[in-house]
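Trainee: Pasting the sequence and the predicted model now:
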Amino acid sequence: MQQVHPRVLVSAYACGPGDEPEAAAGWAFARAAARSHRVHVITRHRFAPAITAELERDPELARALTIEYLDLSERVLALKRRGTDVYWYYMLWQRALARRAAELHRAMPFDVGHHVTFANDWLPCGLARVQGLPVVWGPVGGASVVPARLVRWLGLRGVVTELLRELLTAPLRAIWGDAAARRAAVVVAQNEAVARRFRRARHVVVEPNAALDDDLPGRAQPSRPESAPGQRQAVFVGRLLAWKGGRLAIETIAHTPGWDLHVYGTGYERSTLERLAARRGLSNRVVFHGHRPRVEVLDAVASCDAMLFPSMHDQAGWVAAEASALGRPVVCLPLGGVPLLAGPNARPADLAGDVVGHLATRLVETATQPGTPSDRWSTTRLPAVVEGLYRKALSVSPTAEGSPI
């Protein structure tokens, strides 16, 4: 008897092999689903060259995976000029996807739908409008917020940014996020904070979208960054935005003689952080490398003594998973997805009392408590993950409610 493979419709705004975390996550989940399902992915044309090359290289994958490219009109695309334009374009794209997904489902019914990317829990989910289709929503995130006691480390621009972020996303989450959660058979949360936010959904699981290849760059023996003899080395990797915790990282180094900090990333906070380092007498111990190629950054992570990453609400910072995979301890805050992704190598600092002092203590402890390589977030875990998600979704009858987008 011929085996019948369940049919899965995947919505992936970003999907394709490469170094973009969001696209890599979409591609990894699609590949994993294709191991035991017939998968139809809707994504955008910009990923076509990389996907086509990969499918040509892997005929078996090509037999199980159908890719459909969806973009809005050239006139609309021409209006998408700034980074923030991605949000209004994404909302319109989800409307177009909802129509296309409904057409496909009527013509050749799917067993389950899976909204994989964008991973924002306050933006619409087009698959939630498709009647009669059990939907897996996520991994999604965004509900984590900066605790009030950490506001002083944001600076004026950071405080204003966080206030605007909350004013914008909270009502949209209540409209689109809650509707998608009610409609979904399974909600996949990036971290525990997001899971708590949507705890009233029918079924909630925590599973970040991290998907690391086994040949992760940096596992080869790299050279150590230049530093003073006898100094231990910490790295900070991320956009230099206030909520990423750069100020906390520099203050922590000020409290830990014998440690240098290598900062990789760019952003509006850079000049502020450089002034802070100079004011604290750390100009020779804090090195700003700017934006560097991913391979170079991962080599730096692999060769450091610890990652210092006191981010205040990262939903699923892949860099923490990468550091853990490379066996580096990750000194962080007990917030968002960073401790989860760092796993056994997480060194979370207490938020009560002297936060900087707690971070410094955790950093010093890594000298005698080094990390060990972890494969917790390898792509090899994903076939079993999606199989479990789809099995659960198929056991739940979809409601007739749609998402108001």
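Mentor: Structure's in. What do you need?
Trainee: thought G177 was touching A119?
Mentor: No - in this structure, G177 sits apart from A119 without contact. The criterion is Cβ atoms under 8 Å, and the distance is 12.0 Å. The way it works is simple: take the backbone N, C-alpha and C, and place the C-beta from them, glycine included.
Trainee: what do those two both touch?
Mentor: Between them, G177 and A119 have 140, 142 as joint contacts when contacts are counted by Cβ atoms under 8 Å, 6 or more residues apart in numbering.
Trainee: Model confidence score at P6, please.
Mentor: For P6, the model assigns a pLDDT of 88.
Trainee: List the residues that contact it.
Mentor: Applying Cβ under 8 Å, 6+ apart, we find P6 in contact with 36-38, 111-112, 390, 394.
Trainee: residue ranges with poor pLDDT in the stretch 101-250 of the chain?
Mentor: Low-confidence segments of the stretch 101-250 of the chain, defined by pLDDT under 70, span residues 217-230.
Trainee: so where do the strands sit in the protein?
Mentor: Per DSSP state E, the chain carries strands over the ranges 7-12, 38-43, 65-69, 112-117, 135-140, 186-189, 204-206, 232-237, 259-264, 286-290, 306-308, 330-332, 346-348.
Trainee: then the third one to CSV, C-alphas only?
Mentor: In CSV, the C-alpha atoms belonging to strand 65-69 read as follows (Å, rounded to 0.1, in the frame of the first residue of the first chain):
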residue,chain,number,x,y,z
LEU,A,65,9.0,20.5,-1.3
THR,A,66,7.1,22.8,-3.6
ILE,A,67,8.0,26.5,-3.5
GLU,A,68,5.6,29.2,-4.6
TYR,A,69,6.8,32.8,-4.7
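Trainee: Against which helices or strands is it packed?
Mentor: strand 38-43, helix 48-57 (3 or more Cβ pairs under 8 Å, 6 or more residues apart in numbering; DSSP states H and E).
Trainee: Now with 6 Å, please.
Mentor: Counting contacts by 3 or more Cβ pairs under 6 Å, 6 or more residues apart in numbering; DSSP states H and E, strand 65-69 packs against strand 38-43.
Trainee: Would you mind putting the strands of the chain into TSV with mean neighbour count alongside?
Mentor: Supplementary listing: these in TSV, determined by neighbours: other Cβ atoms under 10 Å:
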stretch	mean neighbour count
strand 7-12	26
strand 38-43	24
strand 65-69	17
strand 112-117	28
strand 135-140	28
strand 186-189	28
strand 204-206	18
strand 232-237	24
strand 259-264	23
strand 286-290	17
strand 306-308	30
strand 330-332	28
strand 346-348	20
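Trainee: Okay, T380 and V116: tell me how far apart.
Mentor: Taking Cβ to Cβ, to the nearest Å as the measure, T380 falls 18 Å from V116.
Trainee: Against P329, how distant is the nearest residue to R183 once chain neighbours are set aside?
Mentor: Leaving aside its sequence neighbours, R183 sits nearest to A128 (Cβ to Cβ, 6 or more residues apart in numbering; 4.3 Å). Counting by Cβ to Cβ, the separation of A128 from P329 is 40 Å.
Trainee: Next: R99.
Mentor: Between R99 and P329 the distance is 48 Å, computed by Cβ to Cβ.
Trainee: So the two - more neighbours on which side?
Mentor: Set R99 next to P329 and count neighbours by other Cβ atoms under 10 Å: P329 wins out with 27 against 13.
Trainee: who's in contact with the more buried one?
Mentor: P329 sits next to 306, 345, 347, 366, 371 when contact means Cβ atoms under 6 Å, 6 or more residues apart in numbering.
Trainee: residues touching V136, list them.
Mentor: Residues in contact with V136, defined by Cβ under 6 Å, 6+ apart, are 114, 186, 389, 393.
Trainee: Identify the farthest-apart pair in these.
Mentor: The distance between the two most remote of the contacts of V136 (Cβ to Cβ) is 9.2 Å, for H114 and V186.
Trainee: For L382, which non-adjacent residue is spatially closest?
Mentor: Of all residues not flanking L382 in the chain, A32 sits nearest, at 3.4 Å (Cβ to Cβ, 6+ apart).
Trainee: For L65, see how far away the one you found is.
Mentor: Spatial separation of A32 from L65 under the definition Cβ to Cβ is 11 Å.
Trainee: Check A48 too.
Mentor: With distances taken as Cβ to Cβ, A48 is found 13 Å from L65.
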